[in-house]
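Undergrad: Any chance you could fold what I've pasted below:
(4 chains)
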2 protein chains.
Amino acid sequence: MARNAWTPVWRAAHAADVVTYSLRVATAKAEETRERILDAALSLFRQRGFDETTMRDIAAEAGVATGAAYYYFRSKEELVMAFYARTAEEAREVIPPLVTRSHDLGKRIRGIIDTQLKQFEEHRRLMVALVRIGIDPKHPLSPFGEETSEMRNASIEFFRAAIAESKPVVPKDLLDDLPRLLWLYQMGIILFWMFDESRGQRRTRALLDGTIDLVVRLIQISSLPMMGRLRKRLLAILRAVEE
Amino acid sequence: MARNAWTPVWRAAHAADVVTYSLRVATAKAEETRERILDAALSLFRQRGFDETTMRDIAAEAGVATGAAYYYFRSKEELVMAFYARTAEEAREVIPPLVTRSHDLGKRIRGIIDTQLKQFEEHRRLMVALVRIGIDPKHPLSPFGEETSEMRNASIEFFRAAIAESKPVVPKDLLDDLPRLLWLYQMGIILFWMFDESRGQRRTRALLDGTIDLVVRLIQISSLPMMGRLRKRLLAILRAVEE
DNA sequence: CCTTGGTTTTGAACACGTTCAAGGAGGCAC
DNA sequence: GTGCCTCCTTGAACGTGTTCAAAACCAAGG
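TA: Coordinates of the predicted model:
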């Protein structure tokens, strides 16, 4: 999907463009070089870990000069971001059909999250590098920042689709904000998962099993007619916090 | 309080010792040097920010050689940690009397959190440096790790005191785990606050106003006799997640 | 005093992420 | 061909956090 439509990030032409976190690329040969560098990086990251891999290693492995990587990627972390962007692109194809397969809200949410975790699986520890810098909302690569808004919004839309015509039915006044909240919930789960060293990330499973049910139940309860006031209050908090 | 009782962190003699994140210090002169370096660092951090201050700057400001700082602190971040440890020490004196002032659970929790935020206020942005590395539970300075357990436990004890003989009454089967959950809640609030650039961190206030009430209400609801099953389920999730 | 053994201090050296001026490489106009 | 322009590539150089062997200091014992 649009692997060739590279747009300098800071000049994204159309909102629909897939952000791939690359710098200038014009020719086919350049594209190949970029890919070679990214592949070399991911391969080394997986073998040795992020901190243990140097940019010199990566360049050597890709057969280019040290500075070459910086022609295509602004920083070492952006190499990880490029991997993330790749999977996000895949998710756009995989997740929408998955959501339509069932009307059960819990199953839909679970499906979305499971899919993403499976995508990241091989590079689980690697994502820590993204979190370390992304936790600062001022950093370009922050998941909350301007530059990542496209990917974030795409991800939020998955959840908007998930709560549409679902069982249980989501009250109308939540339709706007709930997707963002669910996205936040997902980010929390992924964060937990990244540091979950239990066999097969068993603990994350337990957390998912317990909390998805809870989330759905909570939505259900807040849907009761008598709970209109509670919903309003929660939304008011959310508004105040989001400014 | 025990400002002189410096114990190498990795050989903490007694659990009661205050961890100050310093390396070997034997003589009074050395203690003065250490203090001078820490003060120089904090002063520069506050003026220019963490990333913009180099270890060479700090050493120069303190009037010592570049390597001197590494005799007392294992890393640049540990300078920030030393500041954090200082405030934690203060908190041990300030917070306990504060908790006994009222029986209102909400007010107690609010008091604890407000106090900590006020302590950090001057160095708010600085704490980001701690989060960046602390988010990784494997890092020595992680708030979840072994090395910080004393400070963490002290902090958790504040909340244990807060839920003791409070209004509303906390059900017995929550007494063990609730303090840790409240501590986690506090960490979340502090995290939000660190990145809250609104005037006077207005948004954090809004978040506190909204959520503390909610937390208390939730405890209240879960105390109803009919809610025993819900409590058991929540605790089961917690156990599974904590391993 | 001198020696000895620990503690503290020094500053050069190292490894790393990143920058940048300089130089190909390839196409296009004439 | 020759000049020119843009895209791509190079590798030395810079600034940084950190390490470490050596020196300086200092108190106690002789």
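
Undergrad: Excluding residues flanking it in the chain, which one is nearest A:P168?
TA: Leaving out its chain neighbours, the residue that sits closest to A:P168 by CB to CB, 6 or more residues apart in numbering or on different chains is A:Q220, at 4.9 Å. For glycine as for every other residue, the C-beta is placed from the backbone atoms N, C-alpha and C.

Undergrad: how much space is there between the one you found and A:L214?
TA: From A:Q220 across to A:L214, the span is 10 Å (CB to CB, to the nearest Å).

Undergrad: Next: A:D176.
TA: Distance of A:D176 to A:L214, computed by CB to CB: 22 Å.

Undergrad: try A:D196
TA: Distance from A:D196 to A:L214, by CB to CB: 19 Å.

Undergrad: Which one's more surrounded, those two?
TA: A:D196 (21 against 15; other CB atoms under 10 Å in any protein chain shown).

Undergrad: hey, where'd the strands end up in chain A?
TA: Under the criterion DSSP state E, chain A carries no strands.

Undergrad: Low-confidence bits of chain A, can you list those?
TA: Scanning chain A for pLDDT under 70 picks out A:1-25.

Undergrad: can you list the residues of it near chain B?
TA: Counting by CB under 8 Å from any CB of the partner chain, chain A comes close to chain B at A:128, A:131-133, A:135-137, A:192, A:195, A:198, A:203, A:206-207, A:210-211, A:214, A:233, A:236-237, A:240-241, A:243.

Undergrad: among those residues, which are in helices?
TA: A:128, A:131-133, A:192, A:203, A:206-207, A:210-211, A:214, A:233, A:236-237, A:240-241 (DSSP state H).

Undergrad: Can you pull the residues of chain A lying near DNA strand D?
TA: Residues of chain A that fall close to DNA strand D, judged by CB under 7 Å from any atom of the strand: A:24-27, A:29-30, A:33, A:64-68, A:70-71.

Undergrad: Can you say which of the ones in helices among the residues of chain A next to chain B are buried?
TA: Listed as buried from those are A:128, A:131-133, A:203, A:206-207, A:210-211, A:237, A:241; burial here means 16 or more other CB atoms under 10 Å in any protein chain shown.

Undergrad: for the longest helix anywhere in chain A, packing partners?
TA: The longest helix of chain A (DSSP H) is helix A:76-100. Under the contact definition 3 or more CB pairs under 8 Å, 6 or more residues apart in numbering or on different chains; DSSP states H and E, helix A:76-100 sits against helix A:28-48, helix A:105-120, helix A:127-134, helix A:149-163.

Undergrad: what angle do that helix and helix A:28-48 make?
TA: 90 degrees (axes from the mean of the first three to the mean of the last three CA atoms, to 10 degrees).

Undergrad: Same question for helix A:76-100: list its buried residues.
TA: So, applying 16+ other CB under 10 Å, buried residues of helix A:76-100: A:76-89, A:91-92, A:95, A:98-99.

Undergrad: same question, stretch A:118-132
TA: For stretch A:118-132, by 16+ other CB under 10 Å, it's A:119-120, A:123-132.

Undergrad: Next: stretch A:220-228.
TA: Neighbour-count burial for stretch A:220-228 [16+ other CB under 10 Å]: A:220, A:222.

Undergrad: Distance from the chain centre to that stretch, please.
TA: 31 Å (CA atoms, centre = their mean, to the nearest Å).

Undergrad: Can you check the distance spanned by that stretch, start to finish?
TA: 12 Å (CA to CA, to the nearest Å).

Undergrad: ok, residues contacting that stretch?
TA: By CB atoms under 8 Å, 6 or more residues apart in numbering or on different chains, the residues outside stretch A:220-228 that reach it are A:168-171, A:174, A:230-231, A:234.

Undergrad: does A:M194 really touch A:R125, like I thought?
TA: Yes. A:M194 is within contact range of A:R125, at 7.4 Å (criterion: CB atoms under 8 Å).

Undergrad: Now do the closest residue in space to A:L98 that isn't next to it in sequence against B:E242, distance only.
TA: If the residues on either side of it in the chain are set aside, A:L98 comes closest to A:G111, at 5.0 Å by CB to CB, 6+ apart. According to CB to CB, A:G111 and B:E242 sit 26 Å apart.

Undergrad: Serialize the residues of chain A next to DNA strand D to TSV and add fields for neighbour count and distance to B:S142.
TA: Converted to TSV, the residues of chain A next to DNA strand D look like this (neighbours: other CB atoms under 10 Å in any protein chain shown; distance: CB to CB, whole Å):
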residue	neighbour count	distance to B:S142
A:R24	11	39
A:V25	20	39
A:A26	8	44
A:T27	8	45
A:K29	9	44
A:A30	15	41
A:T33	19	38
A:V64	17	36
A:A65	12	37
A:T66	13	32
A:G67	9	34
A:A68	18	35
A:Y70	16	31
A:Y71	17	35
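
Undergrad: Which one of these is nearest to DNA strand D?
TA: The closest of the residues of chain A next to DNA strand D to DNA strand D turns out to be A:G67 (CB to the nearest atom of the strand; 1.8 Å).

Undergrad: can you count the residues close to the closest residue in space to A:W183 that isn't next to it in sequence?
TA: Here the nearest residue to A:W183 in space, its sequence neighbours aside, is A:I156; by CB to CB, 6+ apart that works out to 4.7 Å. Applying other CB under 10 Å, we find 18 residues neighbouring A:I156.

Undergrad: I'd like the distance between A:I156 and chain B.
TA: Plainly put, A:I156 is 20 Å away from chain B if you go by CB to the nearest CB, to the nearest Å.

Undergrad: picking up where we left off before, take the residues of chain A next to DNA strand D and keep only those in helices.
TA: Secondary structure from DSSP H places A:29-30, A:33, A:70-71 of those in helices.

Undergrad: so can I have CSV of those showing distance to DNA strand C?
TA: CSV is the format used below for those (distance: CB to the nearest atom of the strand, whole Å):
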residue, distance to DNA strand C
A:K29, 7
A:A30, 10
A:T33, 12
A:Y70, 4
A:Y71, 7
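
Undergrad: Show me the two of those that sit farthest apart.
TA: A:K29 and A:Y70 (17.9 Å; CB to CB).

Undergrad: In space, what's closest to A:R124 - neighbours in sequence excluded?
TA: Nearest to A:R124 is A:M194, by CB to CB, 6+ apart, at 6.1 Å.
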